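**Q** Following is a predicted model, sequence given first.
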Amino acid sequence: MMTRVAVVVLALLVVLTGCSGSSKAPQTATMTIVIADGSVSPNGQRVEVRKGGTVTLEVTTDKATIIHVHGYEIEVQANPGAPTTHEFTADKPGAFEIETHDPAVIVGQLVVKS
Ligand SMILES: [Cu+2]
């Protein structure tokens, strides 16, 4: 009985983490970026999305900065106070760096799969 439960839990984990071997990237992806006291989170996180999918950047910062999505040439101005949300369509396949400009740090990598 416990074995069966363990198998079900394991199967569920595989589905949830997307390690099922399927090459289908998700239709939507969200990256939550937090900048506080000069430190930036996440740090190089990889975010995958399917070509044509929607990417959402959620930025909370204690200092005015720009979030730059390389390749897409998207620049999001984020200011302290209210979080900034920016949504765009991932219409170009490839791998693109997302960075902040102040401090200049790579936040993550956007991987758009066709
Ligand atoms: Cu940049």
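**A** Perfect, I can see it now. Numbers count the residues shown, from 1 in each chain.
**Q** contacting residues around Ala36?
**A** Applying C-beta atoms under 8 Å, 6 or more residues apart in numbering, we find Ala36 in contact with Thr60, Thr61, Asp62. (C-beta placed from N, C-alpha, C; glycine too.)
**Q** So what sits opposite it in the bridge?
**A** Counting by DSSP bridges, Ala36 forms beta bridges with Ser39.
**Q** one step back: among the contacts of Ala36, which ones are buried?
**A** Buried residues within these, counting neighbours by 16 or more other C-beta atoms under 10 Å: Thr60, Thr61.
**Q** Dump the contacts of Ala36 into a markdown table; add pLDDT and secondary structure as well.
**A** A markdown table is the format used below for the contacts of Ala36 (pLDDT from 0 to 100; DSSP: H, G, I helix; E, B strand; the rest coil):
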| residue | pLDDT | secondary structure |
| --- | --- | --- |
| Thr60 | 97 | strand |
| Thr61 | 96 | strand |
| Asp62 | 95 | coil |
